[in-house]
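Trainee: Pasting the sequence and the predicted coordinates here, then a few questions.
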Amino acid sequence: MGSTVTPMDSREHRREHRRVRMRLPVRMRWTTPFGQKIELGETIDVSRSGLLVSTKEFHTPGVALWVTFPYDASLSDGQPEILARVARCSEVVEVIRSTNAREIVQTESASEQERSAKLDQLTRALGLSDAPATFAVAFHLKEQAHASSNGSAHRELERRGSMRKALAIPVRVYPERIPWFEEAMTIDISAKGMRFRSHREYAPGDYLKIAFEASASAPWHGAGEFRSKVIRIASVPGSVALDIGVYQMRP
């Protein structure tokens with residue numbers, strides 16, 4: 001793809017995976033107390049465990065969000081989203097200058113140059129290259145939880161009646177008898193329950209109505225809203241958000 005390997009610096013020696021210079025579109029989605037926000041950016045370099053992305057908005061280190069990489073604006077909703085955490089945020093000009101100062105100039109073949117030109121044309125068509133990027137944000141991609149994990153640091157035998165699967169999709173959550181919904185993202189889902197990240201306070205035993213943003217591809221069978229009961233609540237380290245576990249109530 002016309003990419004070159006970024007030479008290692010003192011920080012590179014501490015990374016688990018090597019970074020590769022690569023320009024591809026990426027979509028970032030995060031939840032605020034007033035709803036979800038979405039921003040399109042462009043990668044500066046990537047590795048198996050993280051992304052360095054040029055953005056227009058400042059992202060606070062430690063904040064969790066969801067990224068779609070690579071993002072294709074021509075496709076309908078349903079592209080996979082990965083839970084990530086902001087590792088650091090710097091001025092994009094300084095990051096690019098320091099990277100280019102360390103970069104070893106390599107001769108590209110004609111085919112590599114052609115692929116690189118096509119990639120630049122695609123990103124310009126998406127309106128990314130011309131957008132003023134102010135910050136360079138490093139995202140650490142969260143590892144997927146093991147299927148038999150209970151979501152904590154210790155793995156134990158899965159005691160649920162149905163196996164849960166890590167899956168991040170947008171949902172709308174309505175507390176019963178309250179018309180205002182909350183936009184949230186799921187963390188994992190089973191046939192009978194789910195866990196989602198919330199900025200609202202709930203209590204065990206509360207009844208909620210949950211609707212999937214893309215009802216056609218909803219992982220639960222049925223349509224419309226699903227009545228669910230809050231069965232567990234866990235705090236998110238370094239955040240005011242909460243992870244809410246619910247059980248789907250049968251009609």
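Mentor: Arrived safely.
Trainee: Could you report the neighbour count for residue 234?
Mentor: Other residues lying near residue 234 total 12 when counted by other Cβ atoms under 10 Å. Any C-beta I mention is one placed from the backbone N, CA and C, and that applies to glycine too.
Trainee: Which helix or strand contains the residue lying closest to it once chain neighbours are set aside?
Mentor: For residue 234, ignoring the flanking residues on the chain, the nearest one in space by Cβ to Cβ, 6 or more residues apart in numbering is residue 243 at 4.5 Å. Under the criterion DSSP states H and E, the helix or strand holding residue 243 is strand 242-248.
Trainee: now do residue 205
Mentor: Using DSSP H and E, no element contains residue 205; it sits outside every helix and strand.
Trainee: hang on, isn't it packed against residue 233?
Mentor: No: with contact taken as Cβ atoms under 8 Å, residue 205 and residue 233 are classed as non-touching, separated by 10.7 Å.
Trainee: Next, the contact list for residue 87, please.
Mentor: 50, 61, 138, 139, 140 (Cβ atoms under 8 Å, 6 or more residues apart in numbering).
Trainee: gap between the residue nearest to residue 215 when sequence neighbours are not counted and residue 181?
Mentor: Closest residue to residue 215 apart from its sequence neighbours, by Cβ to Cβ, 6+ apart: residue 223 at 6.0 Å. With distances defined as Cβ to Cβ, to the nearest Å, the gap from residue 223 to residue 181 amounts to 17 Å.
Trainee: Neighbour count for the two, which is higher?
Mentor: For residue 223 and residue 181, the more surrounded residue by other Cβ under 10 Å is residue 181, and the numbers stand at 17 against 11.
Trainee: just the strands in the stretch 101-250 of the chain please.
Mentor: Assignment of strands within the stretch 101-250 of the chain using DSSP state E, counting those that start in this stretch yields the ranges 135-141, 165-166, 170-175, 182-189, 193-198, 207-212, 226-235, 242-248.
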